[in-house]
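S.K.: Whatever this is, show me its structure:
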Amino acid sequence: MRIAVASANQLKISAAKNGFLASSFSSDSDSSLTIKGFSTDSNISEQPISVKLGFLGASHRLSHLSSLAKKSSFSFDLFISFENTIDIRDGKAFDICCCIVEHCKSGVRLSFTGHPTPLPMSYVHLSLSTNFSETCGSFIHKENPNIPASNWMSHFGGIDRVDDMSALAKKAFNEIFSACF
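M.R.: Numbering: from 1, shown residues only. Got it, this is the predicted structure:
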C-alpha cells in the first residue's frame, strides 16, 4: 500500500501511518506500506475558523498533493489530508481536525472530523488580532512554553493531537477501503 500525506509535517505523517496500521486492512507488520509526506499549501489562513474552511484547506492540500504526486517517481493508492480548524458554537470555541482521504484510482473522496477540543475564546481573539496569521496554538505556546504550539489539545481537556488524527485516519482508511476495495 502506498499512501501520500498532504503535509511534510512529521506529526501528520505519523498519524497517517498509525491510523493505517490500526485499520482493518493492515497486516501486523505491513512491510509493503510506503508513506510519503509532501509539503502542500492549504491556500487559507494559518488559523482557519470554521469546519467549512478546515475542509476547504484540506481539499486544497489534496489538489496540490495530486499535482505533486504526478511529478513524483512514485504512484500512490491513497491520499490523505488533515487540517485543524477552530469552530465556534454558542459562543464557545473548539479545535477540530478535518480529514479527507482519497482513493487515487477511482477519485472517491471521503471526509471526516475528529474529536472537538475546547479552547478558551481568549486565544481565538489573539489569533483574530493577527488576522488569523498566527494560530491559537502559537499563543498557547507563548503563554505556556512547555506546551507545544502544534499539540496543545490534551492540556485543554482534549486528547493528544497525534492520537486524535491517528483515530481519524484509521476511520478514514476503514471507510475508503469499504467503499473502494
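
S.K.: hey, let's count contacts and neighbours off CA atoms from now on
M.R.: OK.

S.K.: Skipping adjacent residues, who's closest to the most centrally placed residue in the chain in space?
M.R.: Nearest residue to the geometric centre of the chain (CA atoms, centre = their mean): Phe82, 1.9 Å. Computed as CA to CA, 6 or more residues apart in numbering, the closest residue to Phe82 that is not its neighbour in sequence is Cys99, at 4.5 Å.

S.K.: helices or strands up against the strand or helix carrying the one you found?
M.R.: Secondary structure assigned from DSSP states H and E places Cys99 in strand 92-103. Where contact means 3 or more CA pairs under 8 Å, 6 or more residues apart in numbering; DSSP states H and E, strand 92-103 is packed against helix 51-71, strand 78-89, strand 109-113, strand 117-119, helix 121-129, helix 161-180.

S.K.: would you put the C-alpha positions of the longest one in PDB?
M.R.: Presented in PDB, the C-alpha positions along helix 51-71 are these (Å, rounded to 0.1, in the frame of the first residue of the first chain):
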ATOM      1  CA  VAL A  51     -15.300  23.400   9.800                       C
ATOM      2  CA  LYS A  52     -16.100  24.600   6.200                       C
ATOM      3  CA  LEU A  53     -12.800  26.400   6.000                       C
ATOM      4  CA  GLY A  54     -11.000  23.400   7.500                       C
ATOM      5  CA  PHE A  55     -12.300  21.200   4.800                       C
ATOM      6  CA  LEU A  56     -11.600  23.800   2.100                       C
ATOM      7  CA  GLY A  57      -7.900  23.800   3.300                       C
ATOM      8  CA  ALA A  58      -7.700  20.000   3.400                       C
ATOM      9  CA  SER A  59      -9.200  19.900  -0.100                       C
ATOM     10  CA  HIS A  60      -6.700  22.500  -1.400                       C
ATOM     11  CA  ARG A  61      -3.900  20.400   0.100                       C
ATOM     12  CA  LEU A  62      -5.200  17.300  -1.700                       C
ATOM     13  CA  SER A  63      -5.400  19.100  -5.000                       C
ATOM     14  CA  HIS A  64      -1.800  20.400  -4.500                       C
ATOM     15  CA  LEU A  65      -0.700  16.900  -3.500                       C
ATOM     16  CA  SER A  66      -2.300  15.300  -6.600                       C
ATOM     17  CA  SER A  67      -0.200  17.600  -8.900                       C
ATOM     18  CA  LEU A  68       3.000  17.000  -6.800                       C
ATOM     19  CA  ALA A  69       2.400  13.200  -6.800                       C
ATOM     20  CA  LYS A  70       2.100  13.100 -10.600                       C
ATOM     21  CA  LYS A  71       5.600  14.700 -10.800                       C
END
